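S.K.: okay, predicted coordinates and the sequence, questions at the end:
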Amino acid sequence: MKLSPQERADRRAAFRRMGLAEKLGYILAYYKLPLVLILIAAIAAGSVITRLATRKNELLYLALVNVSVGDDLTDSLTDGFVAAMGEDPGESEVYVYAGLYLSENPAEENHEYSYASRLKLLAAIDAEQLDVVLLNREAYDLLSRSGYLLDLHDLPGTEDAPPLSDAAAYLTENDVILDDNALEVRLGTADAYEAVTVTAVNAVEISSLPLFAPAGFSEPVYLGVIANSPRLPAAAAYIARILSPAPRS
């Protein structure tokens, strides 16, 4: 209801006569919703500003799939690379997707975990926010067969990354499926699984390298590069650093 000028004047006069507690109660009673909306907007704006102010430049996106590493190795894989690239770790970073789990036949208790990890991994790849992956053999086979890993012969050479022939002893091959009848087998329209495959050099076996040997992995660990990565020069430099005899320096 619209108030007359006299009514508005009377209310202002009554408000001035109120004590502090009464004024606060009056404001909360009549302006609660606008105040709540203003508070929500202020919190949201502050969150955005803080995130933008503290966000670092991502030099590289790294995923650990079926692989767990300790704090010292994580520091070398992240801040160590940033420093080696001549960047400030306070302003740039290697972003890590840790704790991902992939399995073709996960145990029942791990099925949801595997499914969630697969979705997270595929979302990162689709968004071009994944460059390098560290994997065990099972995860390596899965990503290779699906065509997600770059043939390392296609990795661009950079001033910081020597030719991959220098790492011939560590390069590994795996199958890439070009075409198969997996859907037909699942639908029951085909009896036997058939696939057309090619072989690609798409990973580096890193377990025995100086940086990783002290970690004592119980099985081989591989490094692959995601095929659609927009940061291939950085991925090449990353591999060069890992292959270095003294990558911690």
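M.R.: Yep, that arrived. Numbers count the residues shown, from 1 in each chain.
S.K.: may I have the phi/psi pair for Gly90?
M.R.: phi -80, psi -20 (degrees, to the nearest 10).
S.K.: and it, how far from Ala63?
M.R.: Note on Gly90: its distance to Ala63, by C-beta to C-beta, to the nearest Å, is 23 Å. Where C-beta positions appear, they are placed from N, C-alpha and C, glycine not excepted.
S.K.: who's more crowded, these two?
M.R.: Ala63 (27 against 9; other C-beta atoms under 10 Å).
S.K.: looks to me like that one is in a strand.
M.R.: Yes. Under DSSP: H, G, I helix; E, B strand; the rest coil, Ala63 sits within a strand.
S.K.: and the next element down the chain from the one helix or strand Val96 maps to?
M.R.: Assessed by DSSP states H and E, Val96 sits inside strand 92-100. Downstream of strand 92-100, the next assigned helix or strand under DSSP H and E is helix 111-126.
S.K.: please list the outside residues in contact with that following helix.
M.R.: Helix 111-126 has contacts (C-beta atoms under 8 Å, 6 or more residues apart in numbering) with 61, 63, 65, 97, 99-103, 106, 130, 148, 226, 228.
S.K.: just how off-centre is it within its chain?
M.R.: Distance of helix 111-126 from its chain centroid, counting by C-alpha atoms, centre = their mean, to the nearest Å, is 11 Å.
S.K.: and that helix, C-alpha only, in PDB?
M.R.: Extracted C-alpha coordinates of helix 111-126, given in PDB (Å, rounded to 0.1, in the frame of the first residue of the first chain):
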ATOM      1  CA  HIS A 111      32.100 -49.700  -9.400                       C
ATOM      2  CA  GLU A 112      30.800 -46.200  -8.600                       C
ATOM      3  CA  TYR A 113      34.300 -44.900  -7.900                       C
ATOM      4  CA  SER A 114      35.500 -46.200 -11.300                       C
ATOM      5  CA  TYR A 115      32.400 -44.800 -13.100                       C
ATOM      6  CA  ALA A 116      32.900 -41.300 -11.400                       C
ATOM      7  CA  SER A 117      36.600 -41.300 -12.300                       C
ATOM      8  CA  ARG A 118      35.800 -42.200 -15.900                       C
ATOM      9  CA  LEU A 119      33.300 -39.300 -16.100                       C
ATOM     10  CA  LYS A 120      35.800 -36.900 -14.500                       C
ATOM     11  CA  LEU A 121      38.600 -38.000 -16.900                       C
ATOM     12  CA  LEU A 122      36.400 -37.700 -20.000                       C
ATOM     13  CA  ALA A 123      35.100 -34.300 -19.000                       C
ATOM     14  CA  ALA A 124      38.700 -33.000 -18.500                       C
ATOM     15  CA  ILE A 125      39.700 -34.400 -21.900                       C
ATOM     16  CA  ASP A 126      36.600 -32.900 -23.600                       C
END
